[in-house]
Structures are given as C-alpha cells and as structure tokens.
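Undergrad: this one's structure only:
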C-alpha cells in the first residue's frame with residue numbers, strides 16, 4: 001500500500017524552527033541552569049518563568065495582558081492550559097456550557113474530569129446570546145467555554161456583536177468565561193484595527209504557539225485576571241507540575257525570542273496554512289463530488305467537510321485508510337446531537353503532492369460508498 005497521508009491533525013515532527021535548532025537550545029539552557037545552581041541543587045525560583053512571561057506579554061500576548069507578565073501562566077500547550085483551569089476551577093458534577101460544535105480534545109478533557117457539558121445553540125456568527133441567557137438560568141454553570149477567534153473545527157470567526165454579548169452576559173452572571181484562542185495566530189487575513197485592550201476580569205484566554213512553528217514543542221499559556229488565576233488550589237501543587245511548562249523550555253524559549261522575534265515566523269506559517277487550504281479546496285472542487293460541501297475557514301489548520309447524506313465519517317475512514325489517507329471523523333466534535341456525515345481534514349502540514357493524492361484517494365473512497373447506494 002502507498003504511504004499513509006495523515007490528515008488526522010496532531011503536531012508535525014518538523015517546524016520553521018528546526019528540531020536540531022530547538023534541541024541545541026534546550027541542551028544549552030539545561031547546561032546553563034546546571035552551572036547556575038548552588039551546591040544544594042536548587043535554582044533561583046521563578047526567575048526564568050518571569051523573564052519569559054515578560055517577553056511574551058511585551059510581544060505576542062500584549063493585547064491580552066496589557067504588557068503585564070503577571071497575567072500569564074505558562075503551560076504544556078493549550079490542552080495543558082485547559083486542564084490546569086479544570087483542576088483549579090471545577091469539580092466533578094459541575095456544568096460547563098460550550099458551543100454545539102467544538103474542540104474534540106476539550107470535550108474529552110471535560111468528560112474525563114467528570115464535568116457535565118451542555119451545548120448552547122448558535123451558528124457561524126457565534127453562540128446565540130439569547131440561548132446563552134436561557135442556559136445560564138437553566139443550568140447554573142461554573143464556566144462557559146468558547147472559541148470566538150477561530151472555532152474548532154470549522155475555523156469560523158464570531159462577529160463582534162455576538163462576541164460582546166456573550167462576554168457581557170457571562171460577566172453579569174458572574175460565570176468564568178474561557179476563550180480558546182489556540183488558532184488565533186493563524187487567521188488568514190489580518191485586520192488592521194485599534195490595539196486590543198487587555199482581557200476583562202472574569203475572562204481567561206488559553207493559547208499556544210502554533211504547531212509547526214517550533215519542532216517538537218508544545219508551548220502554551222493562560223492569559224487573564226479571573227479570580228481562579230490567583231486563588232490557592234490543587235493546581236498550585238502536583239496539578240501545576242503536570243501541566244506547567246518546564247523551566248528548561250522556558251529558558252530556551254526566552255533566549256530564542258530575544259534573538260529571533262517569532263512574529264515573522266508566525267506570518268510565514270499563516271500564509272502556508274492559507275495556501276494549503278486554497279489548494280485543498282481547489283482539488284476537492286475539481287473532483288466534483290455530488291453533495292459534498294465544506295465550511296470556508298477564516299483561519300486555522302483544518303477544513304470541515306459535510307459528506308453526502310447517509311455517509312458515515314467513521315465508515316469512510318475505515319475505507320479511506322485502506323487507500324492510504326486518514327482523517328478525523330466529525331461526530332466526536334459535537335457536544336450534542338452529532339452529525340455522523342462530517343469529517344475534519346488537517347491541511348496545514350501537507351505539501352501539494354500529498355494534497356493532490358490525498359484528495360484523489362478520498363474521492364475514490366466516497367465514490368465507492370455512494371456507488372453502492374446507487375445500485376439499490
């Protein structure tokens with residue numbers, strides 16, 4: 001069989017900062033820290049973390065922090081950030097409100113922690129404000145979790161009216177609002193607007209350096225000023241060690257940022273994602289698959305497809321795997337009432353040849369299923 005074309009997602013092995021470059025930086029950071037440690041084996045607490053938080057707050061996260069490093073916690077990717085918040089703010093049995101279509105890994109994290117997830121209706125404009133008001137009254141949630149800057153998996157951007165209404169209603173209800181902004185840096189068309197103000201009280205933003213930026217690393221954060229950010233909790237003990245970014249990586253990243261600003265690299269990655277999305281949609285259009293549609297993303301790593309009615313994404317995956325292409329079935333991305341005839345393709349790490357071959361294999365797999373129906 002041909003080599004597998006992997007559109008499942010995950011993290012690529014290589015990045016714009018190569019694996020060898022990053023490994024050298026990590027080794028150098030480890031050696032420098034070892035040389036600085038006194039004979040007791042202890043290092044100066046917090047110094048490297050504060051340095052990195054200050055650098056990020058002055059650059060990539062300035063719009064969320066107002067330049068204040070105290071408004072940032074460093075984590076092992078955005079998933080680590082969400083797990084930190086779950087441990088600090090929620091208890092088993094608590095209710096979290098989400099969009100109906102949302103991050104699969106986040107839904108898994110909530111359910112693993114015993115959190116009850118309730119979906120609020122909406123559309124590509126965002127979560128419906130009136131539906132949110134009713135859900136806040138009905139369920140008395142401890143948290144609302146949304147991805148307004150670039151939704152998962154559709155890649156949509158909320159409009160300003162819906163975004164402001166949801167922020168305001170959560171603030172009125174005194175409910176913690178968590179915005180998942182992990183794909184915000186990969187919005188395809190950057191809008192020139194007034195400088196964003198720092199996040200309001202009661203709001204936390206989780207994010208991360210995009211996959212494909214620094215090879216082999218998952219560097220994320222929580223930004224904001226919500227009470228849970230400073231409240232003593234289990235997250236300040238063993239829990240924080242599980243999800244916090246390690247001191248060696250902190251030092252290596254601080255050194256990297258001081259020598260090479262990350263913004264130009266993120267711009268390169270954004271253009272790459274946009275062009276690969278364009279190529280994938282062109283190839284899908286060329287195949288002319290009847291009743292196959294997709295949501296045009298505003299940014300991000302993925303393309304969300306709606307298959308011909310009656311075709312199940314799980315079944316299609318099994319057939320496509322035999323032809324050498326894999327992807328994510330869509331049903332696990334729904335907080336309720338899943339649509340099985342959906343799939344997610346991660347285009348961001350595929351070159352032109354893989355996109356051309358992978359779409360052809362996918363089209364062949366779809367044709368085999370729809371061909372069977374036409375014979376009955």
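TA: Happy to help now that I have it. This one's a predicted model, so the numbers in the text were calculated from it and none came from an experiment.

Undergrad: C-alpha only now, for contacts and for neighbours.
TA: Will do.

Undergrad: pLDDT score assigned to residue 37?
TA: Residue-level confidence at residue 37 comes out at 68, pLDDT.

Undergrad: for the one 10 residues further on, same thing?
TA: Residue 47 is assigned a predicted lDDT (pLDDT) of 67.

Undergrad: same question, residue 14
TA: For residue 14, pLDDT reads 88.

Undergrad: now do the nearest residue to residue 165 once chain neighbours are set aside against residue 339, distance only.
TA: Distance criterion CA to CA, 6 or more residues apart in numbering; nearest residue to residue 165, sequence neighbours excluded, is residue 129 at 6.1 Å. Noted for residue 129: a distance of 23 Å to residue 339, by CA to CA, to the nearest Å.

Undergrad: all the helices of the stretch 201-350 of the chain, in order from the start?
TA: Along the stretch 201-350 of the chain, the segments classed as helices by DSSP state H, counting those that start in this stretch run 238-243, 247-259, 263-287, 313-323.

Undergrad: I'd like to know which elements the second one is packed against.
TA: Counting contacts by 3 or more CA pairs under 8 Å, 6 or more residues apart in numbering; DSSP states H and E, helix 247-259 is packed against helix 19-36, helix 47-58.

Undergrad: which of those helices sits most buried?
TA: Mean neighbour count (mean count of other CA atoms under 10 Å) peaks for helix 47-58 among the helices and strands packed on helix 247-259, with a mean of 20.

Undergrad: quick one: that one to chain centroid distance?
TA: Centroid displacement of helix 47-58 relative to its chain, using CA atoms, centre = their mean, to the nearest Å, is 22 Å.

Undergrad: mean confidence for whichever helix or strand comes after it?
TA: Counting by DSSP states H and E, the element after helix 47-58 in chain order, helix or strand, is helix 62-65. The average pLDDT within helix 62-65 is 87.

Undergrad: tell me which stretches of the stretch 51-200 of the chain form strands.
TA: With DSSP state E, counting those that start in this stretch as the criterion, the stretch 51-200 of the chain has strands at 72-75, 95-99, 116-120, 122-123, 126-127, 143-146, 176-180.

Undergrad: let's have the ones you listed in a markdown table, adding mean neighbour count and mean pLDDT.
TA: Listed next are the strands of the stretch 51-200 of the chain as a markdown table, based on neighbours: other CA atoms under 10 Å; pLDDT from 0 to 100:
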| stretch | mean neighbour count | mean pLDDT |
| --- | --- | --- |
| strand 72-75 | 26 | 92 |
| strand 95-99 | 24 | 98 |
| strand 116-120 | 20 | 98 |
| strand 122-123 | 14 | 95 |
| strand 126-127 | 24 | 96 |
| strand 143-146 | 24 | 98 |
| strand 176-180 | 24 | 96 |
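
Undergrad: relative to residue 29, which of the ones you listed is closest?
TA: strand 72-75 (17.1 Å; CA to CA).

Undergrad: which strands and helices lie in contact with that closest one?
TA: Against strand 72-75 (3+ CA pairs under 8 Å, 6+ apart) you get helix 47-58, strand 220-224.

Undergrad: tell me which residues are up against it.
TA: 49, 53, 57, 65, 81, 219-224, 243-245 (CA atoms under 8 Å, 6 or more residues apart in numbering).

Undergrad: hmm, back to that, comparing the helices of the stretch 201-350 of the chain by mean pLDDT, which bottoms out?
TA: Across those, helix 238-243 has the smallest mean pLDDT, namely a mean of 71.

Undergrad: kindly reformat the strands of the stretch 51-200 of the chain as a markdown table containing distance to residue 207.
TA: Output for the strands of the stretch 51-200 of the chain, formatted as a markdown table (distance: least, CA to CA, whole Å):
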| stretch | distance to residue 207 |
| --- | --- |
| strand 72-75 | 9 |
| strand 95-99 | 17 |
| strand 116-120 | 21 |
| strand 122-123 | 23 |
| strand 126-127 | 19 |
| strand 143-146 | 12 |
| strand 176-180 | 6 |
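
Undergrad: so which of those strands comes closest to residue 333?
TA: Per CA to CA, nearest to residue 333 of those: strand 95-99, 10.1 Å.

Undergrad: tilt between that closest one and strand 176-180?
TA: 40 degrees (axes from the mean of the first three to the mean of the last three CA atoms, to 10 degrees).

Undergrad: quick one: list the elements packing against strand 95-99.
TA: So strand 95-99, by 3+ CA pairs under 8 Å, 6+ apart, packs with strand 116-120, strand 143-146.

Undergrad: how about a cut-off of 10 Å?
TA: The contact analysis (3 or more CA pairs under 10 Å, 6 or more residues apart in numbering; DSSP states H and E) places strand 95-99 against helix 104-112, strand 116-120, strand 126-127, helix 129-139, strand 143-146, strand 176-180.
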